[in-house]
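Need coordinates for the following:
(one chain, ligands or ions: 1)
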Amino acid sequence: MVLHKFSYSRMFTKDHIISIRDFSKEEIDYVLSRAEKLEIYARGLEDRKCNLLDGKVLANLFYEPSTRTRLSFEAAMTRLGGAILNLSSTESSSVVKGENLADTIRTVSGYCDVITLRHPQEGASRMAASFSSVPIINAGDGAGQHPTQTLLDLYTIKREGLLDGLKIALIGDLKYGRTVHSLAYALSLYGATLFFVSPNALKMPEEIKSDLKETGAEIFEYTDVKEVIKKVNVLYVTRIQKERFPDPTEYSKVAGTYRITTDILKENEDVVVMHPLPRVDEIDVEVDKTKNARYFTQSFYGVPVRMAILSILLGK
Ligand code: CP
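Take a look at the predicted model:
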């Protein structure tokens with residue numbers, strides 16, 4: 001499928017955003033520096049308006065629930081002066097009549113300039129890209145990837161001044177959690193030391209560990225946060241992805257097996273706590289009041305980062 005004519009930035013030559021593994025370090029740095037410039041507009045101050053994408057249309061196609069990704073893409077497009085079409089649940093669309101993804105993409109790409117797609121099936125965004133006449137942005141494909149989440153995670157770490165020489169613990173559901181899959185790949189480009197902390201049943205997939213080792217990444221595996229907290233700058237906590245367990249009894253065996261509390265944080269008073277959200281019970285709400293908590297700032301950063309992505313992808 002031939003795309004509409006876009007004038008991409010010289011630093012950024014992608015037609016679609018499908019996997020963080022398609023990015024070079026230079027391309028990621030470029031997105032992060034654009035986001036820094038746009039952050040002032042993302043805050044929506046009255047005297048700071050930005051109409052870079054005036055007349056452009058974003059279509060959000062979400063086949064799975066979302067709060068942050070969908071709404072921050074909406075906020076980003078609105079802050080850039082563009083318009084939004086929303087398919088926020090499949091129940092209200094012709095998907096319930098049996099329409100396949102390819103036909104939906106062929107149709108919707110005629111209505112807009114860029115599509116975000118969240119879908120339960122791994123690989124759905126790459127497949128959608130082959131049927132689309134406009135750029136596809138993967139907003140999460142099953143247990144696969146969530147590249148724009150990774151870009152905002154990196155932005156958060158960068159804003160903390162921790163991207164160089166980072167030591168980070170990725171905690172929780174490393175088997176099904178797409179955010180940690182994408183983030184681990186991206187951090188390997190920055191030479192980060194990676195500490196994987198999970199129950200044995202939810203370890204980082206062997207294939208991903210093997211890919212990371214090939215890049216020379218330093219990886220360590222643990223089952224207890226207490227063993228790593230003094231060694232790291234960042235705790236990146238994730239929810240156990242209940243919806244991806246084929247057998248609910250397997251979920252009940254691991255539910256509630258780890259929890260970040262203010263007591264644990266006493267072991268490292270400077271550690272930054274991140275989480276892609278939504279949280280269930282893996283971070284105690286008392287942690288929200290500490291200087292360590294950064295997860296709501298992190299979710300705000302979804303707006304400038306997605307403004308950067310949209311404006312680059314649409315050639316502005
Ligand atoms: N982090 C994230 O993807 O959140 P949502 O599922 O709410 O979009």
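
how about stretch 190-201: buried residues?
190, 192-199 (16 or more other Cβ atoms under 10 Å). No exception for glycine: its C-beta is placed from N, CA and C like everyone else's.

can you give me the strands for the stretch 101-250 of the chain?
114-119, 136-141, 167-171, 193-197, 218-222, 234-237 (DSSP state E, counting those that start in this stretch).

got the contact list for the second one?
Right, the one you point to is strand 136-141. Residues from elsewhere that reach strand 136-141, judged by Cβ atoms under 8 Å, 6 or more residues apart in numbering: 16-19, 60, 62, 64, 66, 69-70, 73, 105, 114-126, 128-129, 144-149, 178, 309, 313.

ok, and of the residues you listed, which contact the ligand?
Of the residues in the contacts of strand 136-141, proximity to the ligand by Cβ under 6 Å from any ligand atom holds for 66, 69, 149.

Can you read off the pLDDT for the spatially closest residue to the first one that is not a sequence neighbour?
Leaving aside its sequence neighbours, Ser66 sits nearest to Arg118 (Cβ to Cβ, 6 or more residues apart in numbering; 5.7 Å). What the model reports for Arg118 is a pLDDT of 97.

Give the burial count for Arg118, as a bare number.
Arg118: 23 surrounding residues under other Cβ atoms under 10 Å.

now it: how far from Asn292?
30 Å (Cβ to Cβ, to the nearest Å).

Let me see the residues that make contact with the longest helix that the chain contains.
Scanning the chain for the longest helix, with DSSP state H as the assignment, gives helix 25-42. Identification of contacts with helix 25-42 by Cβ under 8 Å, 6+ apart yields 9, 11-12, 14, 20, 48-50, 75-76, 79-80, 151, 154-155, 158, 186, 189-190, 300-301, 303-305, 307-309, 311-312.

what about burial for these, which qualify?
Buried among the contacts of helix 25-42 (16+ other Cβ under 10 Å): 12, 20, 50, 75-76, 79-80, 151, 154-155, 158, 186, 189-190, 300-301, 303-305, 307-309, 311-312.

before we move on, back to that, for the residue nearest to Ser66, what are its contacts?
61-64, 66, 69-70, 139-141.

which one among the residues you listed gets closest to Pro278?
Ser66 (9.5 Å; Cβ to Cβ).
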